[in-house]
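# predicted model follows, preceded by the sequence.
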There are 4 protein chains.
Amino acid sequence: MDKVRVGMVGYKFMGKAHSNAYRALPMFFPNSIKPEMKAICGRDPVGLEQARAQFGWETSETDWRKLIARDDIDLIDINAPSDAHKDIALAAAAAGKHLFCEKPLALTLADSREMLEAAEKAGVKHMVGFNYRFAPAVQLAKKLVEDGRIGKIYHFRAVFLQDWIIDPSFPLVWRLQKEIAGSGSHGDLGAHLIDMARFLVGEFNEVIGMSETFIKERPIASAMTGLSAKGSDDAPRGEVTVDDATLFMTRFANGALGSFEATRFAAGHRCTNGFEINGSKGSIKFDFERMNELQVYFADDAEDVQGFRRVLATDPAHAYMDAWWPAGHTIGYEHTFTHEVHELMQAFADNRQPVPNFVDGVKCQEVLEAVDRSIEERRWVSISELS
Amino acid sequence: MDKVRVGMVGYKFMGKAHSNAYRALPMFFPNSIKPEMKAICGRDPVGLEQARAQFGWETSETDWRKLIARDDIDLIDINAPSDAHKDIALAAAAAGKHLFCEKPLALTLADSREMLEAAEKAGVKHMVGFNYRFAPAVQLAKKLVEDGRIGKIYHFRAVFLQDWIIDPSFPLVWRLQKEIAGSGSHGDLGAHLIDMARFLVGEFNEVIGMSETFIKERPIASAMTGLSAKGSDDAPRGEVTVDDATLFMTRFANGALGSFEATRFAAGHRCTNGFEINGSKGSIKFDFERMNELQVYFADDAEDVQGFRRVLATDPAHAYMDAWWPAGHTIGYEHTFTHEVHELMQAFADNRQPVPNFVDGVKCQEVLEAVDRSIEERRWVSISELS
Amino acid sequence: MDKVRVGMVGYKFMGKAHSNAYRALPMFFPNSIKPEMKAICGRDPVGLEQARAQFGWETSETDWRKLIARDDIDLIDINAPSDAHKDIALAAAAAGKHLFCEKPLALTLADSREMLEAAEKAGVKHMVGFNYRFAPAVQLAKKLVEDGRIGKIYHFRAVFLQDWIIDPSFPLVWRLQKEIAGSGSHGDLGAHLIDMARFLVGEFNEVIGMSETFIKERPIASAMTGLSAKGSDDAPRGEVTVDDATLFMTRFANGALGSFEATRFAAGHRCTNGFEINGSKGSIKFDFERMNELQVYFADDAEDVQGFRRVLATDPAHAYMDAWWPAGHTIGYEHTFTHEVHELMQAFADNRQPVPNFVDGVKCQEVLEAVDRSIEERRWVSISELS
Amino acid sequence: MDKVRVGMVGYKFMGKAHSNAYRALPMFFPNSIKPEMKAICGRDPVGLEQARAQFGWETSETDWRKLIARDDIDLIDINAPSDAHKDIALAAAAAGKHLFCEKPLALTLADSREMLEAAEKAGVKHMVGFNYRFAPAVQLAKKLVEDGRIGKIYHFRAVFLQDWIIDPSFPLVWRLQKEIAGSGSHGDLGAHLIDMARFLVGEFNEVIGMSETFIKERPIASAMTGLSAKGSDDAPRGEVTVDDATLFMTRFANGALGSFEATRFAAGHRCTNGFEINGSKGSIKFDFERMNELQVYFADDAEDVQGFRRVLATDPAHAYMDAWWPAGHTIGYEHTFTHEVHELMQAFADNRQPVPNFVDGVKCQEVLEAVDRSIEERRWVSISELS
């Protein structure tokens, strides 16, 4: 097997990021199986054709059912809005297509489980798009934890802070509508934190959360887009049906304590996706705004020179970096997707499931939903309640 | 009135910090009423005499009741271990002495209320030692919030991270024993965060918390001290009866969401006492390890130069700083106490209560106890339940 | 004109960076003229074919003269080792090809002037590869200076610090040999600083420098590569004929004072390419290791909130960023080349010379050579001496 | 010997800093010999008496000759303006008084040598006030260098950046007048950098410098003060006779290269007194605005976790810190003077010369004057020329 033929549904923010990853892979990871950019799929023919040409896809389809029906496609990449994930995934699995689905897997835990079952039943590969795992600095964090260099973990705290909707006149885009997006900051940003916690610390035991929608009505947007949109003050207003911010605490299965906060109301934070781990032997800090860096502390350093090290994770010793540029030459956001697609192709090469896959998507959804229930019922909710 | 005659109970860590403040005040704030260092009080005559001579007190007493009985004392400064606060304060108030008490006021909310009532009934001045309010950078934060320059507050998140007891062989000092300390990280560190939140954001509405004691037994220490002690591996072991870490979430009365974490198990953090406020017009960040700095973001900065400003709060425009050194010349931890004592003396000059006073001590204790109850009963607890 | 057909000489570090830029441009800047990747040229057929396939070039040539002779090539991209620049550029200009040459233009000032003259005589477009100008944060610095927001410039200080040859057993790669590289840290790293100074501050008036070769002999490398190589301790040794570090001071034509340091012996600095500008109204700081950030200070900020702002130059208000990802999603090293190629294509669209071009290359070389002379003759050297 | 009786000349900025150090020493370093604050000396009786009372001196003198004549004084502390240092020091030495003199020792190298000779001839102790050596983080840097943990030193670069006279209407205070101050940024700020370099790297071999006075005339100040003053736009103007900024390069005796910059025209820098050392085994960075921190890099750290460590130099393992507060509780500018006076008292206890002493003062002056000559004669000047 030397190539995987991809059909992609969605062509906005994530569609662009995925397309770039497919294009970059053969150049920077020439030993990887090559993803062939067969077809891109979307509803608006004009925007679709523009995206096809710009992103470099061979063909296009305006109906995802036709895309799935094509026999020159091996893998369906799903990055349409979240409410469309399930139907596409089920149909694709039924057609024997491999699956690469953006997070969150679905609007509900039940749906995400249905997707996992379908994928397993069909015997296809399935991956979920938790791209932040693939920053080399995060990979380093994983390695330090796995090798026991941080010791037993006591604390994990994570925040995902953005500020793009603080302005009350920012319009009611699809990401602010529950029926399309499923949830707000919680599912969009918190999902990444939950996956990061599972990746680095382990499974969740129980959670309790709180959330708020600070701005309850917004002008209805004239056109839906990814993250940007134009509203107007005299436009008709609609209700914001998702959370602007969600916080929760957790007790992990291994005894560590966790704190999580996702918000779109943190002025000055364009994309602060950060976490800290404190263990018995050391600590680790990460902030995606400085994604090439990892702060690492070792308690057994000589006593007069103990301190957090700012590790610039661009050395050959760091995951993926020998594929790019010499040490000290940084990479950016989009590279996480290239590494993610590299893992996906590697799973084909090794004939195994990629990681993270739909199991991780489901487990993330369990935590999301447990938090939602804990907010609704104002009590601690055990993850096992959702089994 | 040109002087206040002080009798101080306690001569360890806090006793040293208070003594230094009394000594520094006349030199750096010459227009202030002068605190006269009349008498220092402690139980061990040898250690006491050494402290008296070293810190510069005129006389000493080994019995606090005798100290209170002296008619050449106006103010009783209480910084003995927390379990002694109440008895001393009640007796001092009954004797008509003014009160300056370290935090937390007492081991329980009930006790702290009793202390407040006693002070009010006696008509004396009462202050509680939340010294972190008095960092010039924190004063700047307060000013920015009060002047509306940060707008409506959406988020407050605060951590107080230390790492001095991570080693399991660190001994069972008094701060780890509930009957003396009242609580662990929660009352010691969390209390400071709660006061900071009240100072900057406002009153708490409801809370829910979680806590953990990671190391449940420790060697019994041969000698009690402030923060340092020596244990030995073959020493007999005793139970740690306080929390190593406590986290909680809150909803403030003004609608803001709050997140709090106090721990002594955060490797690499000697004294990270930090908070962040996000408002509709801007944000503020502070970390006590860089106490001369405040990070400030204004959403209405020109769109191409928006970013957190690192304000070095050492300019004449910053509170207290014209008393010290030229701009750019930093101050340290101990200065917060000098400023605190300045406020105390100013209250005498203005014939008003100092701020923060026992009311603030009680309100802090309410939150502490509400969190404790929320942990015990695993549910959200409204502060009003404790009224 | 809707495309420019490119023939590129060189396929190592810079060849990879340029190839990526040509590939990325049509996707992220779809309105740009498209560079067609016609032919790649190198001496080793095996390595060349691998690069051709990996980077995505249509054809290859092992003789640059044949490349230049092809009539399906509009632009010659020269990123072979520095000693080859001149011959290729002269021949390409004579054939009427447009020129895009990596820095430094040539091994000597005389050669670089000859190249400029040839390009001007041929009437072709000519660009020189000072890619760091094209970081959005640097573009912001330029805008702030040009708009007078920093005021009159008093100081410019710049360092380019690396540490890749500190180990004495690191081999004698071509970058350490004067006959191929022209110079060491000075021409390789200092050239970037000089161009940055010219871009942001203006022309140099006079200079005085000092330099050192700390490790005077190294093992001869078995295979030449870009920045990495393997030596061995028992390999025969050869003389290092370039500088390990060069420092110089300057007085700019506008009266500002400048300080420059380029070194490959700064342990812990993989690629610290940083500068600071101090003006009458404000200051600017930049460090390429955090290339998405610019530190900006304005003296007229309100007096209680003055401080360097950390501007994350990823907003739509920042140059090039609307082509990439939403605000807060960072870019990396390679993006500077994409922007550089965008400028090159824009020059074709506008029928003007790109900036920076060979004039900038020559002026940079003047300063480099003036510094060399100042070191040799141990005296201040005016740039005008080299006219 | 259990006390040293001090007479101090000068009571402005430095007089305040020294007074505080004398007051603090017995409390925080109780085992030190105690400095007795016998007499303070100044010309203005009103200001003097206020300072005496505020700072806590027993008596005062308006004539330094009378101060020196007193037989109840052991040590003369000279922190009057620089032009007065020499006469006072010579007279004090002649009277057998020990000497503690602020930097720079004198207005000229010749004068400083005369002072050293007088002190040596009189057999008295002599100290010079390079207080920045006494920051615990700087002491750590010294230890790392001395223990060989940074290896052979290749580079030292240092800046002392201030911005207090950028405003052209800032008046002509004494620090801007050559006849009183000797020099401007060079002697005031550069002197500290030179001493730091000698402390950490070693002796200077040769230097070349450049300097500038950006604002050549300023309003004449109505009243002389330390660092602050009020000018007015219609005041008569006088010539600024010192440098606003001075840069120089050096070659150290051990082969390291050095770069120095002192300026009062760096907007946004209130007191950036920073340096970096690069050695064969590691690097060190320091910035006085974060004086409790030292950045340290070790080249032999495990290859995946190499990076500058932010060491908070407040642990018991760090010099002087066990005298103050628990780890993580920072100190400020004034503490450097307390440590300096501790060293002075220790020299009495050990019956040795304190360090730094007048020899260091003279050697610093040699470098200052060599730089001045290099600027005047526009050439490299060897330090040995001034012998």
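Arrived safely, thanks for sending. Quick caveat: nothing in here was measured; it's all calculated off a predicted structure.
# and A:Met37, what does it touch?
A:6, A:8, A:19, A:22-23, A:55-58 (Cβ atoms under 8 Å, 6 or more residues apart in numbering or on different chains). Quick note: C-beta positions are derived from backbone N, CA and C, even for glycine.
# could you check how far it is from chain B?
As for A:Met37, its distance to chain B is 36 Å (criterion: Cβ to the nearest Cβ, to the nearest Å).
# dump stretch A:213-220 to PDB, restricted to CA.
Output of stretch A:213-220 as PDB, limited to C-alpha atoms (Å, rounded to 0.1, in the frame of the first residue of the first chain):
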ATOM      1  CA  THR A 213     -23.600  32.300  28.700                       C
ATOM      2  CA  PHE A 214     -22.600  35.900  29.300                       C
ATOM      3  CA  ILE A 215     -24.200  37.400  26.200                       C
ATOM      4  CA  LYS A 216     -27.600  35.700  25.700                       C
ATOM      5  CA  GLU A 217     -28.700  37.300  22.400                       C
ATOM      6  CA  ARG A 218     -26.700  38.300  19.400                       C
ATOM      7  CA  PRO A 219     -27.400  39.600  15.900                       C
ATOM      8  CA  ILE A 220     -28.200  36.900  13.400                       C
END
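# is any part of it close to chain B?
Yes - legend: contact between stretch A:213-220 and chain B by Cβ under 8 Å from any Cβ of the partner chain is shown at A:Phe214.
# please list the residues of the stretch 1-150 of chain A that sit near chain D.
A:140, A:143-144.
# out of the residues you listed, who has the most neighbours?
A:Leu144 (24 neighbours; other Cβ atoms under 10 Å in any protein chain shown).
# any idea which element that one lies in?
helix A:136-146 (DSSP states H and E).
# could you give the average pLDDT over the next helix or strand after that helix?
Downstream of helix A:136-146, the first helix or strand assigned by DSSP H and E is strand A:153-161. The predicted model gives strand A:153-161 an average pLDDT of 98.
# tell me the strands beside strand A:153-161, with direction?
Partner strands and pairing direction for strand A:153-161 (DSSP bridges) are strand A:257-263 (parallel), strand A:272-279 (antiparallel).
# give me the contact list for whatever helix or strand comes next after that strand.
Next along the chain after strand A:153-161, taking DSSP H and E as the criterion, comes helix A:178-181. Residues outside helix A:178-181 that contact it (Cβ under 8 Å, 6+ apart) are A:81-83, A:174-175, A:184, A:187-188, A:241-242.
# burial measure for A:Glu303, as a count.
A:Glu303 has 11 nearby residues by other Cβ under 10 Å.
# can you check A:Glu58 too?
12.
# quick check: it touching A:Arg70?
No - assessed by Cβ atoms under 8 Å, A:Glu58 is found out of contact with A:Arg70, at 11.2 Å.
# shared neighbours of the two, anything?
A:38-39.
# A:Ser185 - nearest residue in space that isn't next to it in sequence?
A:Ala262 (4.2 Å; Cβ to Cβ, 6 or more residues apart in numbering or on different chains).
# how about the nearest residue to A:Glu334 once chain neighbours are set aside, secondary structure?
Spatially, and ignoring its direct neighbours in sequence, A:Glu334 is nearest to A:Asn20 (5.3 Å; Cβ to Cβ, 6+ apart). Using DSSP: H, G, I helix; E, B strand; the rest coil, the structure places A:Asn20 in helix.
# surely A:Asn20 is in contact with A:Thr336?
No - checked against Cβ under 8 Å, the pair A:Asn20 and A:Thr336 is beyond contact range at 10.9 Å.
# for the stretch 51-200 of chain A, what lies in contact range of chain C?
So far as Cβ under 8 Å from any Cβ goes, the stretch 51-200 of chain A lies against chain C at A:53-56, A:162, A:164.
# let's see that with 10 Å instead.
A:51, A:53-56, A:161-164 (Cβ under 10 Å from any Cβ of the partner chain).
# give me the buried positions along the lowest-mean-pLDDT helix or strand in chain A.
Within chain A, no helix or strand scores below helix A:178-181, which has a mean of 89 by mean pLDDT, DSSP states H and E. Across helix A:178-181, burial judged by 16 or more other Cβ atoms under 10 Å in any protein chain shown covers A:178, A:180-181.
# using PDB, list the CA coordinates for it.
Listed next in PDB are the C-alpha coordinates belonging to helix A:178-181 (Å, rounded to 0.1, in the frame of the first residue of the first chain):
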ATOM      1  CA  LYS A 178     -26.600  24.200  20.000                       C
ATOM      2  CA  GLU A 179     -28.400  22.400  17.300                       C
ATOM      3  CA  ILE A 180     -25.400  22.700  15.000                       C
ATOM      4  CA  ALA A 181     -22.400  22.900  17.300                       C
END
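# quick one, phi psi at the residue most central in space within chain A?
Centre of chain A computed as the mean C-alpha position; nearest residue by Cα atoms, centre = their mean is A:Phe130, 3.2 Å away. Phi and psi for A:Phe130, reported as degrees, to the nearest 10, are phi -90, psi 80.
# returning to what we had before: so who does the residue nearest to A:Ser185 touch?
A:158-162, A:183-194, A:211, A:243-248, A:273 (Cβ atoms under 10 Å, 6 or more residues apart in numbering or on different chains).
# now with 7 Å, please.
Applying Cβ atoms under 7 Å, 6 or more residues apart in numbering or on different chains to A:Ala262 gives the contacts A:160, A:185-186, A:189-190, A:193, A:245-246.
# same check, this time on A:Asn79
A:8-10, A:14-15, A:18, A:102.
# mind running it again at 6 Å?
A:10, A:14-15, A:102 (Cβ atoms under 6 Å, 6 or more residues apart in numbering or on different chains).
# bridged to the residue in the stretch 151-300 of chain A that chain D sits nearest to, which residues?
The nearest approach of the stretch 151-300 of chain A to chain D comes at A:Val296, 5.3 Å away (Cβ to the nearest Cβ). Listed by DSSP bridges, the beta-bridge partners for A:Val296 are A:Ile284, A:Arg309.
# that one and A:Arg309 touch, don't they?
Yes - when contacts are counted by Cβ atoms under 6 Å, A:Val296 is listed as touching A:Arg309 (5.0 Å).
# looking at these two, which is more packed in?
When neighbours are counted by other Cβ under 10 Å, A:Val296 comes out ahead of the other of A:Val296 and A:Arg309, with 29 against 26.
# what pLDDT does the model give that one?
According to the model, A:Val296 carries a pLDDT of 98.
# and what of A:Ser222?
With respect to pLDDT, A:Ser222 has a value of 68.
# and if you look at the one 3 residues further on?
The predicted local confidence for A:Thr225 comes out at a pLDDT of 48.
# now the end-to-end length of stretch A:236-247.
End-to-end distance of stretch A:236-247 (Cα to Cα, to the nearest Å): 31 Å.
# just stretch A:296-307 next, same as before
8 Å.
# which residues sit against it?
Contact partners of stretch A:296-307, identified using Cβ under 6 Å, 6+ apart, comprise A:281-284, A:308-309, A:311, B:267-268, D:296, D:305, D:309-311, D:317.
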